[in-house]
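J.: Following is a predicted model, sequence given first.
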Amino acid sequence: MQRIKCTVAYDGSPFAGYQVQPGKRTVQLEIEKALSAIHKGDQVKITASGRTDAGVHAKGQVFHFDTGLSIPEEKWPTVLNSKLPPEIVVTSAEEVEEGFHARFSAVKKEYRYSVYQTKTADPFKRDFALHYPFPLNIEE
């Protein structure tokens with residue numbers, strides 16, 4: 001059995017958040033479905049470094065899982081991405097020690113909130129930044 005650490009990026013717009021919720025499409029559900037397909041129907045649970053709310057995006061979310069498959073670590077992104085929807089992309093994978101835990105081994109997390117100020121909204125930014133057409137007092 002080996003433990004695989006993956007880094008994933010996703011557009012959270014079509015998801016009800018990261019964590020599995022009954023009857024809802026979530027990022028975790030899609031990744032676990034992909035892993036189940038790769039493992040010939042066996043259920044594989046993942047553990048993430050954190051969770052996101054509905055509509056929230058991630059560029060460097062980390063998760064891990066245990067597997068008995070002998071897939072080289074550098075092949076995991078390709079294998080997983082072939083089974084994932086286009087909104088979710090595994091950007092890297094590596095074998096880690098059994099004691100690694102995506103949540104408890106994390107050394108930092110960074111959150112960014114994007115706001116843009118223009119008179120009119122940009123429809124291409126609506127899922128990725130807050131449109132605020134009023135003056136901001138950033139110095140307070």
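T.: All right, it came through fine.

J.: and the end-to-end length of stretch 107-125?
T.: Length of stretch 107-125, first residue to last, Cα to Cα, to the nearest Å: 31 Å.

J.: An error on my part: the question was meant for stretch 107-115.
T.: Terminal residues of stretch 107-115 are spaced 27 Å apart (Cα to Cα).

J.: could you list every residue that touches residue 27?
T.: By Cβ atoms under 8 Å, 6 or more residues apart in numbering, the contact set of residue 27 is 8, 10, 12, 15, 17-18, 52, 58, 61, 88. In short, each C-beta sits where N, CA and C put it, glycine included.

J.: just those residues now: which is nearest residue 112?
T.: Closest approach between the contacts of residue 27 and residue 112, by Cβ to Cβ: residue 58, at 10.5 Å.

J.: Not counting sequence-adjacent ones, nearest residue to that closest one?
T.: residue 10 (5.4 Å; Cβ to Cβ, 6 or more residues apart in numbering).

J.: Now do the same for the one you found: its pLDDT.
T.: Here the pLDDT value assigned to residue 10 is 97.
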